[in-house]
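[1] got a sequence here, can you build the structure:
(chains A and B)
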Amino acid sequence: MSALLEVKNLSVEIPTRRHLLVPVDDVSFDIAPGEILGVVGESGAGKSLTGAAVIGLLEPPGRIGGGEIRLEGKRIDNLKYRELRRIRGAAIGMIFQDPLTSLNPLYTIGRQLSETLRTHQPLSETAAKARAIELLDEVGIPAASERIGQYPHQFSGGMRQRVVIALALANNPKLIIADEPTTALDVSVQAQIINLLKRLAADNGAAIMLISHDMGVIAETCDRVAVMYAGRIVEIGAVRNVVQAPNHPYTQGLMASIPRLGKDDARLAHIKGSMPRPTDIPQGCAFHPRCPKRFEPCDQKRPELMKGDSSQAACWLLQREADQ
Amino acid sequence: MSDAPLLEVKNLSKIFDLTEAAWLAALTGRSRLLLPAVDGVSFSIPKGKTFGLVGESGSGKSTVARMTVGLMQPSNGSITFDGKPVSAPGGGRGIGRGRLQMIFQDPFASLNPRWRVVDIIGEALLRKGMRDSLARAKRAGELLDQVGLVAVDGEKFPHEFSGGQRQRISIARALASEPEFLVCDEPTSALDVSVQAQILNLMKDLQDELGLTYLFISHNLAVIAHVSDVVGVMYLGRLVEVAEKKQLFKAPQHPYTRMLLDAIPRLDMTTRERSHVVGEVANPMSRPPGCHYHPRCPFANKRCKSEDPKLKGAANFAAACHGVEEGRLPAWAAAAE
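    As a prediction, this is how the structure comes out:
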C-alpha cells in the first residue's frame, strides 16, 4: 500500500536569542490509509511539534527547518497560508488534548459543526445541520438532534471530546492527527474514545497519527509505533514488536519503568537522570549519558535508524550485532 | 510492626454547600444546593503500610486526603491518628501537624518560586523549633541527599529543577518535620513515566528506611497496584470496595472495580473481549439514588435502584454491592497477563 502521509527528514527549528534550538531533528516516517501510527515519548521529546509541523500549526518563532511532508504525494510543507487552510480541516483533521479549549464556548455545538462543514463543502444550512447530527450520532452522542443546540459547557468531558472528534471528522479527512486525545479523560471514557478511533481507521480508511505519552493507549490502539527521544525517532516498528522486544535501550528502559498490573515487583526499573533540554542535547547518540549499554562510538557519532530483528532502532548496538 | 491502625477514618463525610447567597436561601426557605463530595467513608491504615485510594475524577479521593491532614474540616465522622483526633467537626486543631505531611500533585505549584530550596525546607525545620540557621542548612542538605539530590542544590530556586527533581524537593520538605504519616495526592501524575518510576522507588525506599505509613491517592490503577498493601476504590464519594491488593486485582468483586480493571489499556494487547464500557461518572449534583453505579451496571436490578448498598465483608475484603451480597454476579474471568 502506498503511503498517505510521507514525512522525510523533517526538522523543526526555534530560533532564540542565544541558540537555534532543533526540538525535532531529522524525523522520517509514513502512514498508510487505514493505519494508526503511534508517536510516543516523554514530555519534550518533540512529538507534539512533529504533529503540529505536519498540519502547519507550528507557533512562531518555530518553523520547519528542513525536510519534506507529502500528503498523497503532494508536498504540503511549503504551501501558502491560504492553500494550507483549504487542506486543514478538509484533508487533515486535528484532535487536541483539551476538549474545552478546542471548542468555542460562545457557539452551540451545531453552529461549530456546520461552520466547519460549510467552510469546505457547498452545503445549505439545513443540509449542514443534518450532516452535523449524523456526525454526532456517529461518534456516539445520544439524542444528537436535541443536543445540537447546546453549548460546550453543557457537555461532560468525554462528550466534549466526542464533539471535537466529530469536528475533526466533519469533512471526511484522509489523515487525522490526534494529540493526546484521551489524556484529560477518565479511564472508562478513555476506553470508549480508543474504540472510536480504532473504528474510524477500520471503517473510513482514515490514516491516524496518534500522539501519546501513554504506552498502554498506544499498545491497544496502534498498528505501528515511533518512539521519540530528544527530537529524534529512536525506534520504529510494529507495536507488538516494539512493546514486547524493544531494540533500543531507551525503549527497553521506558517499557520496564511502566508499572503493570499483575507484575508484582518491589521496585520498578528506572532510567537514571532525565531527558536533556533542547539547549544541551549531547553529541553522538542523545541517550548515551543515561544509557546502561553505551560503548565507544556512542558519544561520538550519531546513529541513524538501523534494521533490527523486529524493528528499526537508532542504536550502535544493532550495528555491532550485524558486524559480528 | 503492630497491627493497631495508625490512622483510622470512620464514617467520614464532607458536604460542600454550593448555595449562592446562602442568606437568601435561608430567608426565602429555598432548598440549599448541597454537594456530598465524600459520603460515609471508613478505612484504617496500620503502621508502616500503604493504603491506596483509587477513583475517577469527582470520586472524592482528594477531599479525603485534605481532611486527613486537617486542611479541611469533615462535615461528619472522625479521623483518629495514633488514637487522637486529627480534627473534629466544629474546628479544633487536634494533633500536631508535623506528624502528618502531604505531598501534592503539582510540583510546579507547591513550591514557592521566590524561595531558595534551602529556605523551603528550612521553614519546616524552623517550625519544628530548629532556630540555628546553620543547623537548618545542614539538615536541609542531609534531606536533599536522602531524596537523591545533592546538598548544593539547596542554593537553587525551584525553576532550576525538572518536574521529578521538584517532586523530590517536595518530599524532602515533607520529611523535614520527621513525619510518621504521608498523604500523597497523585504525587506522580504530572511526571513522565521514567521519572515516575524514580519517585515511586524513592518513596518505597523511604518507607523501608523510616517506617513511614502512606495514604496514596491516584487515578492510575497500575500505580496503585504497585505501591499499595490495601486498596480502596471510590465512586461518587463512596468507598465501593476495599481489599488487600492481591485480592482486589485477582478477584475484584464490585462491578465498578471490574469495569475499571477492564478499561485500562494494556501493554500486552490481548485481543480479549472488552466488557463494553458504558457511560461516564454521573454529575455529583444529581447522583442516582440507591447504588450510585446502577445506571452503568450490567447487573443492576430493582433493589440496586432504591437501596443504598453498605460495605460488607471482612475488614480488608469488602464490597458495597447488592449483587455481591446476593451472590448473583458471575465470577471474574481475569484477563490473561
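[2] from now on I want contacts and neighbour counts done on CA atoms only, so please keep to that.
    Fine.
[3] burial check on residue B:32, number of neighbours?
    Per other C-alpha atoms under 10 Å in any protein chain shown, the neighbour tally for residue B:32 reads 15.
[4] actually residue B:155, not the one I typed
    14.
[5] against chain A, how distant is it?
    Going from residue B:155 to chain A by C-alpha to the nearest C-alpha, to the nearest Å gives 20 Å.
[6] that residue against residue B:120, yeah?
    No: using C-alpha atoms under 8 Å, residue B:155 is not in contact with residue B:120, being 10.6 Å away.
[7] what are the phi and psi values for residue 249?
    By default, I'm working from chain A. In terms of degrees, to the nearest 10, the main-chain angles of residue A:249 are phi -60, psi -30.
[8] switch to chain B, that's the one I care about
    Torsion angles, degrees, to the nearest 10, at residue B:249: phi -80, psi -20.
[9] which residues touch it?
    Shown in contact with residue B:249 (C-alpha atoms under 8 Å, 6 or more residues apart in numbering or on different chains): A:261, A:262, B:225, B:261.
[10] name the nearest residue to residue A:261, sequence neighbours excluded.
    Closest residue to residue A:261 apart from its sequence neighbours, by C-alpha to C-alpha, 6 or more residues apart in numbering or on different chains: residue B:222 at 5.3 Å.
[11] can you map out the helices along the chain?
    Answering for chain A, as no chain was given. Along chain A, the segments classed as helices by DSSP state H run A:47-55, A:81-87, A:109-120, A:125-138, A:144-147, A:157-169, A:187-204, A:215-221, A:239-244, A:249-256, A:316-323.
[12] hm, I was asking about chain B
    Using DSSP H, helices in chain B cover B:22-28, B:61-68, B:117-127, B:133-146, B:163-176, B:193-210, B:221-227, B:245-250, B:255-263, B:302-306, B:322-326.
[13] and the contacts of the first one?
    Looking back up the chat, that one is helix B:22-28. B:19, B:31, B:32.
[14] return the distance of the second one relative to residue B:283.
    Pointing back at residue B:31 there. 19 Å (C-alpha to C-alpha, to the nearest Å).
[15] do the first one as well
    When C-alpha to C-alpha is the yardstick, residue B:19 and residue B:283 sit 17 Å from each other.
[16] okay, the two: which has more neighbours?
    Taking other C-alpha under 10 Å, residue B:19 and residue B:283 do not tie; residue B:19 has more neighbours (15 against 11).
[17] is the more buried one in contact with residue B:34, as I believe?
    Yes: between residue B:19 and residue B:34 there is a contact under C-alpha under 8 Å: 7.1 Å.
[18] near chain B, which residues of the stretch 201-324 of chain A?
    Residues of the stretch 201-324 of chain A lying close to chain B (C-alpha under 8 Å from any C-alpha of the partner chain) are A:213, A:215-217, A:219-220, A:240, A:243-244, A:253-254, A:257-262, A:264-272, A:274.
[19] in the stretch 1-150 of chain A, what residue lies closest to chain B?
    residue A:42 (5.8 Å; C-alpha to the nearest C-alpha).
[20] up against chain A, what does the stretch 51-200 of chain B have?
    Counting by C-alpha under 8 Å from any C-alpha, the residues of the stretch 51-200 of chain B near chain A are B:56, B:57, B:192, B:193, B:194, B:195, B:196, B:197, B:198, B:200.
[21] contact partners for residue B:154?
    B:116, B:117, B:118, B:119, B:140, B:141, B:144.
[22] now do it against residue B:144, distance only.
    According to C-alpha to C-alpha, residue B:154 and residue B:144 sit 8 Å apart.
[23] do the same with residue A:16
    Counting by C-alpha to C-alpha - residue A:16 and residue B:144 are separated by 33 Å.
[24] who's more crowded, those two?
    Comparing residue A:16 with residue B:144 by other C-alpha under 10 Å, the one with more neighbours is residue B:144, at 26 against 10.
[25] low pLDDT regions in chain B?
    B:1-3, B:21-22, B:87-97, B:269-277, B:315-316, B:334-337 (pLDDT under 70).
[26] rerun at 80
    B:1-4, B:18-33, B:86-98, B:266-286, B:313-317, B:332-337 (pLDDT under 80).
[27] of all residues in it, which one is nearest the centre?
    Taking C-alpha atoms, centre = their mean as the criterion, residue B:217 is the residue nearest the geometric centre of chain B, at 2.8 Å.
[28] and it, how far is that from residue B:329?
    For residue B:217, the distance to residue B:329 (C-alpha to C-alpha) stands at 28 Å.
[29] beta partners for the closest residue in space to residue A:313 that isn't next to it in sequence?
    With C-alpha to C-alpha, 6+ apart as the measure, residue A:235 is the residue that lies nearest to residue A:313, at 4.1 Å, once sequence neighbours are left out. Judged by DSSP bridges, the bridge partners of residue A:235 are residue A:227, residue A:313.
[30] gap between residue A:235 and chain B?
    Taking C-alpha to the nearest C-alpha, one finds residue A:235 at 17 Å from chain B.
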